[in-house]
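S.K.: sequence-free structure coming up:
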């Protein structure tokens, strides 16, 4: 089982990201569980969502993820707000939306595996909106391979209807340019 | 045996699907966190023509249940849902359909009670509903939320039951979680829930009064009749669950156990933390502790017989309550003690309170409860008073 924490701000779509990947994983015959961190969400306030994906066993645990295998950070400012990275497992992966260079982030964060992408620029350009969750899907898949990229297309269409195409485009663009090391 | 297709569904949507497939006639509900998604989805289904029902919008939960009472008395298949403060506002009216034997079906997305304001999960709202004479049961995951809501229509409307029925799904832990589950085919569900025909329909052509005045000379007899009838629902509830199990491959029991073979100690849970507790049992078993898990599926009518059977070889019960009965302790723990008194004098029962107002309960907390309870037994044997501990409290008691 892979356990994931997604950090974002209210309005960035952290919960939706978790839900989209859960649907994609289930469509691949995997077990998945998406769980919001249960709050009266406010635009701009820090939001945490949890996601579990399991290839074989049904997921029984119904509690917060405390030591994630993967950390997704939708807003780079959150790295300064709280202790976001310390709970990540030693062999874990951090996927971060940042305008800074990969090398700079690598030197600043002590994580086993780091994936960086300037998701904000991609989202602004492709979607015309500063909402990075669907763009970050591409970075997440590139870094983790947790589901197939194409498995996200149906959940995106279900969720976004006509504008799904642009979201898929943003996801694919991020997948192409995300740096992982 | 498991029929249907595997889907990813939020717990709230699983409930809404069950209500749709049951071909419900009337829905009246007022949205409240964390139940809101159920109401929203049902209202979409009705607006889109996917469910041919009347959706009665109301200004409060009190009115929602009142509308349900009227519609049910007129012979309709009726559904509502609420949570926390909403159930409290509905409370006065909840006694009416049960006393009038009206088969209203409801889902409660369990939530803490104010103050302080909390939209998060615990069982304070459940405990305020213990005496309303509704059949009440707990779901532990989204599959069970669907299955038990489906069964609730059959149970409530059965001529040997005819009591309103409520399914408890823990707020957020079920209502807002998306997970994989099996969604049965509509025809299969339709075959399981036949059309409903209420035996005493409110009909303008044959006017009757329902729920009218009960002076002292008749009130006691009415309540005795209600009590006997409610007690007698147990075998039918099991038969309906058995029939569901035959058809859909998932069997439900009033008291369900996990790894109880050779157990001397058992945890007791209700609701969404039960599968987390199973993982704690797995870890404790691997460490050589003879522990199992008992889950109360049927909360009302209380499953005395099945509980006594489940505990017959145990030395210690470790009960988790997600609510406080102030000045008394954990309500579930009190009820278990009451149910087992005079039956098992050598059985020790130790209660913990946890998961209040959405506080997370991890595997480690269940392991802590078992270890602590074993210590407390030693204190009880030395004749000491043992207080109920609230787990996870940051200062003072607990951990």
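M.R.: Arrived safely, thanks for sending. Keep in mind that what you see is a predicted model, and the values were worked out from it rather than measured. Numbers count the residues shown, from 1 in each chain, chains lettered A, B, ... in the order given.

S.K.: what's the helix-or-strand element of chain A with minimal mean pLDDT packed up against?
M.R.: When the helices and strands of chain A are scored by mean pLDDT, DSSP states H and E, helix A:78-81 comes last with a mean of 85. With contacts taken as 3 or more C-beta pairs under 8 Å, 6 or more residues apart in numbering or on different chains; DSSP states H and E, helix A:78-81 sits against strand A:2-9. Where C-beta positions appear, they are placed from N, C-alpha and C, glycine not excepted.

S.K.: need the next SSE after the strand it packs on, C-terminal direction.
M.R.: Once the chain leaves strand A:2-9, the next helix or strand it forms, by DSSP states H and E, is helix A:14-27.

S.K.: that following helix near chain B at all?
M.R.: Yes - shown here: helix A:14-27 in contact with chain B (C-beta under 8 Å from any C-beta of the partner chain) through A:19, A:22, A:23, A:26, A:27.

S.K.: tell me which other helices or strands that helix touches.
M.R.: Checking 3+ C-beta pairs under 8 Å, 6+ apart, helix A:14-27 ends up next to strand A:2-9, strand A:31-36, strand A:46-54, helix A:133-144, helix A:153-160, strand B:5-10, strand B:178-183.

S.K.: residues of chain A that sit close to chain B?
M.R.: Chain A has residues A:19, A:22-23, A:26-27, A:29-36, A:38, A:40, A:58-64, A:66 near chain B, with proximity defined as C-beta under 8 Å from any C-beta.

S.K.: just checking, what packs against the lowest-mean-pLDDT helix or strand in chain B?
M.R.: Least confident helix or strand of chain B, by mean pLDDT, DSSP H and E, is strand B:389-390 with a mean of 92. Contact partners of strand B:389-390 among helices and strands, from 3+ C-beta pairs under 8 Å, 6+ apart: strand B:348-353.

S.K.: pull out the buried positions in the helix or strand just after the strand it packs on.
M.R.: Proceeding N to C from strand B:348-353, the next assigned helix or strand is helix B:363-381, under DSSP H and E. Neighbour counts using 16 or more other C-beta atoms under 10 Å in any protein chain shown place B:363, B:365, B:366, B:367, B:368, B:369, B:370, B:372, B:373, B:374, B:376, B:377 of helix B:363-381 among the buried residues.

S.K.: can you list contacts of the helix or strand harbouring residue B:17?
M.R.: Assigned by DSSP H and E, residue B:17 falls within helix B:11-21. Here helix B:11-21 makes contact (C-beta atoms under 8 Å, 6 or more residues apart in numbering or on different chains) with B:9, B:27, B:35-38, B:41-42, B:45, B:50-51, B:79, B:81, B:105, B:107, B:109, B:139, B:141-143, B:145-147, B:149-150, B:167, B:169, B:174-177, B:181, B:183-184, B:186, B:189-190, B:193.

S.K.: quick one, which of these are buried?
M.R.: For the contacts of helix B:11-21, buried by 16+ other C-beta under 10 Å: B:9, B:27, B:35-38, B:41-42, B:45, B:51, B:79, B:81, B:105, B:107, B:109, B:139, B:141-143, B:145-147, B:149-150, B:167, B:169, B:174-177, B:181, B:183-184, B:189, B:193.

S.K.: show me where chain B has helices.
M.R.: Secondary structure of chain B (DSSP state H): helices at B:11-21, B:36-47, B:61-73, B:84-99, B:124-127, B:142-157, B:186-192, B:216-231, B:234-248, B:274-286, B:304-310, B:331-340, B:363-381.

S.K.: save the ones you listed as a markdown table, and put in distance to residue B:266 and mean pLDDT too.
M.R.: Converted to a markdown table, the helices of chain B look like this (distance: least, C-beta to C-beta, whole Å; pLDDT from 0 to 100):
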| stretch | distance to residue B:266 | mean pLDDT |
| --- | --- | --- |
| helix B:11-21 | 27 | 98 |
| helix B:36-47 | 33 | 98 |
| helix B:61-73 | 36 | 98 |
| helix B:84-99 | 30 | 98 |
| helix B:124-127 | 21 | 98 |
| helix B:142-157 | 20 | 98 |
| helix B:186-192 | 33 | 96 |
| helix B:216-231 | 26 | 97 |
| helix B:234-248 | 22 | 98 |
| helix B:274-286 | 9 | 98 |
| helix B:304-310 | 8 | 97 |
| helix B:331-340 | 11 | 96 |
| helix B:363-381 | 9 | 95 |
